[in-house]
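Provided below for reference: sequence and predicted model.
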Amino acid sequence: MSWKKLEISPEFLGQRIDKVLSTLPEVSSRSRASFLIENHHVQVNQKPCKVSHLIKPGDQITYQIPESSPTGIVSY
């Protein structure tokens with residue numbers, strides 16, 4: 001897993017980080033964004049953040065998408 005930098009558009013300022021992350025194709029939902037944040041796959045200014053973090057000017061947001069783990073489900 002490698003860390004990616006998220007470029008923040010001005011329209012995202014003042015919005016919650018989970019909402020902003022949900023706009024990324026590889027995240028695609030607010031619940032997935034919350035999962036990533038709660039499991040420390042998202043950092044703001046090189047520190048873990050909370051789901052309720054509001055985007056401020058100058059915030060540097062980095063994230064990583066963990067590789068999928070096998071579910072143990074076998075198709076027949």
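Thanks, I have it.

hey, let's count contacts and neighbours off CA atoms from now on
Fine.

could I get the full set of helices for this structure?
Counting by DSSP state H, one finds helices in the chain at the ranges 17-21, 30-38.

to Ile8, which of those lies closest?
helix 17-21 (8.6 Å; C-alpha to C-alpha).

still on that earlier bit, now, of the helices of the chain, which is deepest in the fold?
Among these, helix 17-21 has the highest mean neighbour count (mean count of other C-alpha atoms under 10 Å), at a mean of 23.

that one packs against which elements?
helix 30-38 (3 or more C-alpha pairs under 8 Å, 6 or more residues apart in numbering; DSSP states H and E).

what sits up against the helix it packs on?
Asp18, Lys19, Leu21, Ser22, Val27, Val42, Gln43, Pro48, Cys49, Lys50, Val51, Ile65 (C-alpha atoms under 8 Å, 6 or more residues apart in numbering).

hmm, back to that, tell me which of the helices of the chain sits nearest to Ile61.
Closest of the helices of the chain to Ile61 is helix 17-21, at 9.1 Å (criterion: C-alpha to C-alpha).

count the neighbours of Pro57 for me.
11 (other C-alpha atoms under 10 Å).

that one and Pro48: what is the separation?
18 Å (C-alpha to C-alpha, to the nearest Å).

ok, Leu24 next?
19 Å.

please apply the same query to Ile65.
15 Å.

just Thr62 next, same as before
Distance from Thr62 to Pro48, by C-alpha to C-alpha: 10 Å.

can you check Asp59 too?
12 Å.

not counting its neighbours along the chain, what's nearest Ser29?
Of all residues not flanking Ser29 in the chain, Ser22 sits nearest, at 4.6 Å (C-alpha to C-alpha, 6 or more residues apart in numbering).

pull the contacting residues for the one you found.
Ser28, Ser29, Arg30, Arg32, Ala33.

go again using 10 Å as the cut-off
Ser28, Ser29, Arg30, Ser31, Arg32, Ala33, Ser34 (C-alpha atoms under 10 Å, 6 or more residues apart in numbering).

let me know the closest of those to Trp3.
Closest to Trp3, out of all of the contacts of Ser22 and judged by C-alpha to C-alpha, is Ala33, at 15.0 Å.
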